[in-house]
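1. generate a structure from the sequence data that follows.
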Amino acid sequence: MVDRRIAAGIIVVFAVGLSVPGFLKQPSNGFSVVSGAMGYRSTVSGLPSLVRLLIPVICLVWMIACSGDVEEPTSQPAAPGSSPTASATPSDATGTPVPGPASGGSLRIAQQSDPASCDLHMSRALSYQAVHPCNPMLSQLVRVSPGDHGVIEPDLSLSWGTSPDGTEWTFDLRDDALWHDGSQVTADDVLFSLSRIIDPPTELAVGRAGAVARYVGTTEQVTAPDSSTVVIRTDFPAASFLSNLASVYVSMYPRHATEVLDPPSMVQFESVVGSGPFTPGPVVRGSSFSLLRNNSYYEPDLPHLDEVQFVIMPEPAIRLAALRSHDVDTIAVITEPEAQSLERDFSGRITVFNTPSAGGNTVQLNLHEPPFDDPAVRRAVNLAISRPEANAVLGDGYIGAILPPGGQWALPEAEVFELPGYGDKEIERAEARQLLTEAGLEDGLDVDIHTRANPFFETLSEFVAGQLSTVGIRATVVPVEPVAYQDMLARGDFQVIGHSHSFALDDPDSILPDHYACGGAENFPGLCDSELDELISQQSRTLDPGERRALLDDIQRRIWDTDAKVWFQWSTRRTPVWANVHGLEPGGPSIYQGRRLEQVWIEQ
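-> Numbering: from 1, shown residues only. Model (predicted):
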């Protein structure tokens, strides 16, 4: 159908032609452009002048009257690659209109404890309780996408490239990034940050950032040819180098503001000088830590929020009560029963995001302490534990082996079901009792399961104790305060631990060396196999994805057969968020990555 406004416009043009002598006249033959009738001009021109003047006025009035009654065309899907017009109203998956991002407001996050350190390079800052409050103040050379942890995005480096042999990486820095004190971020600051990871100060112990040092052996391999360029030479072409460089633990710190500290480490929250979207705000230790908008942040129009407040609430019941009363907007992690209660009581007002987690629950056996130095006794423990019963008691989880299920490197599920521990439980428990008898433990044994003094850790350990009782292993759960627990793990002073792991990245190089190689920082059972170490090193140097996948499948089978760190459940992460908070959805399996909060906004 022709738009009536167009028709009205045509009539106006025609009317003007009638009213203005000669306007529609052909220059040579006397034909009218509109009618094509010979002699038309002379006929029209014979109309009285007043009538000719009224014609366009009448048509114009008619056009205005019609303009408010236009039949709109039927909406069509946008063509691929096209963008909605500025006037389009955003909507969610159900078609419900959603307002666009708004500026202002304060986000309130409940968490268990104060951040132990804001020096994310070092070992004191391993916990997400440190990462979540500190990360929004910091930037990285490159970063994982908040919306998809499998995507690496520019950050302080806007572009990068590699040499033909894959061992030299060149990063071009942006020129609009400022530290919170107003000084410019330069290549020298990046060089300083990477150098302290590769060769940390003597009084500091590097943490998960140390993955970078596996590729870059000396500080001389990181150079700054000029103030806006950084060059990194790796020891070998590494498939996962960029992924590990993008970890939140490889954040950037200013040389001038860090070296003056004693030790040279931004441990204290309020002392952080970063280049991220937020600056440190008021701090009341044991109560709250605040972040304030950085108005000099290099990303235009970000962050949306004026403030982020981390409210310290050690007790889970108090955190949940604060969420229910909307005294806080979110909690990083809750349990399955808590999630069910919120979904029942706050449907439509609180959303509980359930996402696969790059981590899960284990029982770990000290390979250097009897009786678990005997492989048969360790296998009996594995066979005793029912994975379906773990889901029933601890909440739904995922089927997996050594690398996180659902990721590109996970062992195929069909193979997982063939592993010891995933078979018919009645048959497997009978086999476990036979193994214990053959090991001289026909009367069973008594063990302590040490675990962190934390409700969830204690619950998973009680579950393990109940499972072990089915094959004659009598276990007592012994909670240990967090600091003493970490010291105990470092000493290897235990027989059995009930422990939950969360990985910084779903990447083999971020997981395997720390957890399964000789001397790994989180290799608590003390597993040490030179052949396994060689395979772990080999997969890191294998650039072909198919070849690397085959190696990793073999590695996972070998590790599973050690029965040292026995995975019995890969977790679901449950994160509740009030419905007026947008942009806080978990974007991937890691609880650590993508938490800079610059995209979060509050619907007022």
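
2. how far off centre is stretch 475-486?
-> Chain-centre distance of stretch 475-486: 30 Å, with C-alpha atoms, centre = their mean, to the nearest Å.

3. likewise stretch 200-213?
-> On the basis of C-alpha atoms, centre = their mean, stretch 200-213 sits 23 Å off its chain's mean C-alpha point.

4. may I have the distance across that stretch, first residue to last?
-> Stretch 200-213 has its terminal residues 10 Å apart, counting by C-alpha to C-alpha, to the nearest Å.

5. what residues of that stretch count as buried?
-> Within stretch 200-213, the residues scored as buried using 16 or more other C-beta atoms under 10 Å are 200, 204, 206-213. In short, each C-beta sits where N, CA and C put it, glycine included.

6. do stretch 580-590 as well
-> Using 16+ other C-beta under 10 Å as the burial criterion, the residues of stretch 580-590 that qualify are 581-590.

7. before we move on, back to that, which of the buried residues of stretch 200-213 fall within helices?
-> Judged by DSSP state H, helices contain none of the buried residues of stretch 200-213.

8. for the protein, what helix or strand is lowest in average pLDDT?
-> For the chain, counting by mean pLDDT, DSSP states H and E, helix 40-44 ranks last in confidence among helices and strands (a mean of 31).

9. what residues are up against residue 201?
-> 263-265 (C-beta atoms under 8 Å, 6 or more residues apart in numbering).

10. try 6 Å
-> Applying C-beta atoms under 6 Å, 6 or more residues apart in numbering to residue 201 gives the contacts residue 264.

11. how many neighbours does the residue nearest to residue 299 when sequence neighbours are not counted have?
-> Nearest non-adjacent residue to residue 299, counting by C-beta to C-beta, 6 or more residues apart in numbering: residue 598, 6.5 Å away. Using other C-beta atoms under 10 Å, residue 598 has 20 neighbouring residues.

12. now swap in residue 443 and tell me
-> Residue 443, neighbours per other C-beta under 10 Å, totals 9.

13. same question for residue 163.
-> Other residues near residue 163 come to 13 when the count uses other C-beta under 10 Å.

14. next: residue 370.
-> Using other C-beta under 10 Å: residue 370 sits among 10 other residues.

15. and residue 311, which of the three is it?
-> On the three-state scheme (DSSP: H, G, I helix; E, B strand; the rest coil), residue 311 is labelled strand.

16. likewise for residue 447?
-> strand.

17. now for it: which residues touch it?
-> 475, 495-496.

18. coming back round to it: surely the residue nearest to residue 299 and residue 277 touch.
-> Yes. Contact status for residue 598 versus residue 277: in contact at 3.9 Å, counting by C-beta atoms under 6 Å.

19. shared neighbours of these two, which are they?
-> Common neighbours of residue 598 and residue 277 (criterion: C-beta under 6 Å, 6+ apart): 302-303.

20. which helices and strands does the longest strand anywhere in the chain pack with?
-> If you go by DSSP state E, the chain has its longest strand at strand 350-365. When contacts are defined as 3 or more C-beta pairs under 6 Å, 6 or more residues apart in numbering; DSSP states H and E, strand 350-365 sits against helix 336-345, strand 496-502, strand 565-578.
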